[in-house]
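Novice: build me a model:
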Amino acid sequence: MTFTRSLLAVAALSLPAPAAIACAAHAEASHAAITLAASHGDDHEMARGASAVEAGALTITGAFSRATLPNAPVGGGYMTISNSGDTDDRLLSVSSTVSGRAELHEMQMEGDVMRMRALDDGLPIPAGETVELRPGGYHIMFTDLLAPLVAGEIAQVTLTFEQAGEVSVPLAIADTDATGVMEHGGTH
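Specialist: Model (predicted):
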């Protein structure tokens, strides 16, 4: 994969769906096949991907990813993490069977330029606060996708927290233009 195509694929994560599709269509990736821990079909299965997962004082909700085009080398993961406890926690790392690597990233504007950087020290989850992983902000970056992410499937992601430990979270794969997964199973 060329450096330019890699940058195009990364930029696609922060663009509106039609622009992201056009950008990602030019990216190259591995053609390896995998089986997602997935369920095709009804809205109730998609709702399970968006259901709450609790680990100690943490509650993780709305976990989703956008479907990717064939040959797209990257994808993003998004969710909301609430800490109802009295102790700060930190999301240290993430792993998944859908990609060769998974990292925590942040996108932010620096002047007129959107910059993305890895969060090498993890993502703080302060006591009594909620942190959103969303398009254009904090997110999980799946690199070296092993197969396209397909709308309607569920991928398992393992989050490792400093205090709460390892937590398995179902990640609903939504349409390419999704901004989230609603609790009743649709996308918005």
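
Novice: A72 is in contact with V150, isn't it?
Specialist: No - the criterion here is CB atoms under 8 Å, and A72 misses it with V150 at 11.6 Å. Backbone N, C-alpha and C define where each C-beta goes, glycine included.

Novice: of the two, which one has the most company?
Specialist: The neighbour comparison of A72 against V150 (other CB atoms under 10 Å) goes to A72, with 25 against 13.

Novice: specify the local secondary structure of that one.
Specialist: coil (DSSP: H, G, I helix; E, B strand; the rest coil).

Novice: list the contacts of Q108.
Specialist: The contact partners of Q108, taken as CB atoms under 8 Å, 6 or more residues apart in numbering, are 114-115, 137.

Novice: for F142, give me its contacts.
Specialist: 65, 74-77, 96, 98-99, 101-102, 149.

Novice: does it lie in a helix or a strand, and which?
Specialist: Element membership for F142 (DSSP states H and E) is strand 139-145.

Novice: buried residues in that strand?
Specialist: 139-143, 145 (16 or more other CB atoms under 10 Å).

Novice: ok, now stretch 125-139?
Specialist: Neighbour count says stretch 125-139 has 125, 131, 133-135, 138-139 buried, by 16+ other CB under 10 Å.

Novice: nearest to R90, of those residues?
Specialist: I125 (6.3 Å; CB to CB).

Novice: quick one, what contacts that closest one?
Specialist: Neighbouring residues of I125 by CB under 8 Å, 6+ apart: 58, 81, 83, 88-91, 131, 161.

Novice: just the buried residues out of those residues, in ChimeraX syntax.
Specialist: Only the buried entries of the contacts of I125 go into this ChimeraX selection, using 16+ other CB under 10 Å:
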select :58,81,83,89,90,91,131,161
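
Novice: tell me which stretches of this protein form helices.
Specialist: Per DSSP state H, the chain carries helices over the ranges 3-12, 17-24, 43-50.

Novice: quick check: longest strand of the chain.
Specialist: Secondary structure of the chain per DSSP state E: the longest strand is strand 99-110.

Novice: now it: mean pLDDT?
Specialist: Here strand 99-110 scores 94 as its mean pLDDT.

Novice: run through the protein and note the low-pLDDT ranges.
Specialist: Applying pLDDT under 70 to the chain picks out residues 1-50, 180-188.

Novice: that one: strands as residue ranges?
Specialist: Going by DSSP E, the chain shows strands at 53-55, 58-66, 74-83, 89-96, 99-110, 113-118, 123-125, 130-133, 139-145, 154-161, 165-174.

Novice: if we can go back for a sec, pick the one among the buried residues of stretch 125-139 closest to V167.
Specialist: Looking across those and measuring by CB to CB, the closest to V167 is I125, at 11.7 Å.
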